[in-house]
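Colleague: Here is a sequence with its predicted model. Questions after.
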Amino acid sequence: MLQIKHLNIVHKKDFRTLLEDFNLVLNDGDKAVIIGEEGNGKSTLLQWIYEPDLISDYCEASGERILANQKAGYLPQELPLSHCAKSLYEYFTEEPLFWDHTPKELGRMAGRFGLAADFFYSSQPMGTLSGGEKVKAQLLRILLSEPDLLLLDEPSNDIDLETLEWLEAFILEWKQIVLYISHDETLIEHTANVVVHIEQIRHKTKCRYTAARMPYEQYRRERLSQFENQARMAANDRREKKLREEKFERIYQSVACAQANISRQNPAKARLLKKKMHAVKSMERRFAREDQAMTQMPEEESSLFFKLGGEHAKIPAGKTVIDYSLEKLCTPDGERVLAKQVRLHLRGAQKLCIVGANGAGKTTLLHKIAAELLARTDIHAQYMPQNYEELLKPSMTPVDFLDQSGDKETRTKIRTYLGALKYTADEMEHTISELSGGQKAKIFLLKMSLSNADVLILDEPTRNFSPLSGPVIRQLLKDFPGAIISISHDRKYIKEVCDKVCLLTKDGLLEQ
């Protein structure tokens, strides 16, 4: 059993309350997903559950967590820098229970993850693994420790479609507790039986949470239905209020007019009108009490996004965006050939997704494609890498990164756009290193919009957006009038946005 009692978490820098009087009980068999918009404290909550001291540098927390002698295994959102230089063998042997498994058993474990049998014994540095391989390596080490409780922060990030299906089966078959964060709507729909929804409403001045014991799709439908019913009742109450006010105004004016015109020679009628006015005032107080009991309009934390691209981003249907040819695709160190005879032709406003197994070289290929397209002058390309820090400067604020001019009007415009993307004034002054993955992704979207790009090169564009933001982001990219070249394992993104899918294999790109 995992129990959390009266948890309060406050951000030290801007004093924003992330969680207030948060309570949760999970039992064996619960597959609980934490959802919410970017920067709402999902990862902070998961870290506190695993080890409260992990958040002490930037948050103050009070509350009680009861693990009931359960051993927790924690998968962080990013591989810690301290592990990047270690070889795979060094990384795994740091887990004491590694030595309790035979090479044959380890080989079988690696095989279930689609990895080579000698993966545990490799001398390859952890930092040189692909994004998906890093996730797999960390999951394998967690499983070696034989945990009872799994705390997984974005386990679906960067893993290939085949491993995603394995991860779904793994979560479903786990007999104890799984508490995870994910932005993969398909994974959530297939696995979660408990939904923990963390929200920041009223311009992030008030926090709210919901813990619902139901599948995600049911939660989403019931939440929408509840909001629609509440909005309908609130609208009805406001119509009735307007009618009451109009009725009151007519009665009040009638009595007030009669009082003004009453003759002093008619004291009996004056007393009667005075009583009527008392009754009118009493009616006014009753209406005020009824107004206080009115149904309030539902408060929902919504994601507001601008249009990406415009007329300037349109590409003629016959224009060749890229005609790319590569004899050999090698690893960044040049030691291993990943694919041969890579050919890619893209025309007009096509939206391409490159898929393939982890380690197949998709990100390496996208780097090369980006270098070629960014150098072109007949198109205007923008690139969102898988590792945001390749282009973002962690020590800068979002406003400073987006504005290199220092012009006051430009900075005001940027702050307005960031506000539309649900940044608070305080968050605009945070350094980029303090922002969540989704907030960093929004910086790239805004940069692309401000740049008037007509070609977008995107490595896992939806990976850091919440399930509730996902549909908005997909529609944003679907409506983009230019061309998109992307890598993704997001099954909804591939289905809804992309009109061309290519599988990267050892023999090149194969159109699906």
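Modeller: Alright, I've got the coordinates. Numbers count the residues shown, from 1 in each chain.

Colleague: tell me the phi and psi of the closest residue to S123 other than its chain neighbours?
Modeller: Among residues not flanking S123 along the chain, S87 sits closest, at 4.7 Å (Cβ to Cβ, 6 or more residues apart in numbering). C-beta here means a position set from N, CA and C on the backbone, and glycine is covered the same way. Here is the backbone geometry of S87 (degrees, to the nearest 10): phi -70, psi 160.

Colleague: By neighbour count, which bits of stretch 38-51 are buried? Give me those.
Modeller: Buried residues in stretch 38-51, counted by 16 or more other Cβ atoms under 10 Å: 38-50.

Colleague: Please apply the same query to stretch 10-29.
Modeller: Buried, per 16+ other Cβ under 10 Å, within stretch 10-29: V10, H11, R16, L18, L19, F22, L24, L26.

Colleague: Go through those and flag which are in strands.
Modeller: In this view, the buried residues of stretch 10-29 that belong to strands under DSSP state E are V10, H11, L18, L19, F22, L24, L26.

Colleague: and the two most separated of these?
Modeller: Pairwise distances across these (Cβ to Cβ) peak at 25.0 Å, for the pair H11 and L26.

Colleague: returning to that earlier point: redo the buried residues of stretch 10-29 as CSV? Include pLDDT.
Modeller: As requested, the buried residues of stretch 10-29 are exported to CSV (pLDDT from 0 to 100):
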residue, pLDDT
V10, 94
H11, 89
R16, 87
L18, 93
L19, 94
F22, 96
L24, 96
L26, 96
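
Colleague: which among those gets closest to D118?
Modeller: L26 (37.1 Å).

Colleague: That closest one against V194, yeah?
Modeller: Yes. Assessed by Cβ atoms under 8 Å, L26 is found in contact with V194 at 6.9 Å.

Colleague: hey, what's in contact with both of these two?
Modeller: The contact sets of L26 and V194 overlap at A32 (Cβ atoms under 8 Å, 6 or more residues apart in numbering).

Colleague: before we move on, the earlier item: now, among the buried residues of stretch 38-51, which is nearest to R238?
Modeller: Checking those against R238 by Cβ to Cβ gives N40 as the nearest, at 30.2 Å.

Colleague: and that closest one, what pLDDT?
Modeller: pLDDT, N40: 86.

Colleague: can you check the one 10 residues further on too?
Modeller: As predicted, Y50 sits at a pLDDT of 95.

Colleague: Now for it: which residues touch it?
Modeller: The contact partners of Y50, by Cβ under 8 Å, 6+ apart, come to A72, Y74, L151.

Colleague: What's the local residue count around Y493?
Modeller: Neighbourhood size, Y493 [other Cβ atoms under 10 Å]: 26.

Colleague: Look up how far S466 lies from it.
Modeller: From Y493 over to S466 the distance is 14 Å, taken as Cβ to Cβ, to the nearest Å.

Colleague: go on, L338?
Modeller: Here L338 is placed at a distance of 33 Å from S466 (Cβ to Cβ).

Colleague: what about these two, which has more around it?
Modeller: Counted by other Cβ under 10 Å, L338 and S466 do not tie: S466 has more neighbours, with 24 against 19.

Colleague: show me the contacts for that one.
Modeller: Contact partners of S466, counting by Cβ under 8 Å, 6+ apart, are I35, G36, E37, E38, H183, S303, G438.

Colleague: Hmm, S469 and the third one touching each other?
Modeller: In this case it means E37. Yes. Using Cβ under 8 Å, E37 is in contact with S469, at 6.4 Å.

Colleague: between these two, who's got more neighbours?
Modeller: The residue with more neighbours, out of E37 and S469, is S469; 24 against 21, by other Cβ under 10 Å.

Colleague: Tell me, what's the model's pLDDT at the more buried one?
Modeller: pLDDT, S469: 82.

Colleague: give me phi/psi at it?
Modeller: Per degrees, to the nearest 10, the backbone of S469 is at phi -80, psi -30.

Colleague: wouldn't it be in contact with G438 here?
Modeller: Yes. The criterion here is Cβ under 8 Å, and S469 meets it with G438 at 7.4 Å.
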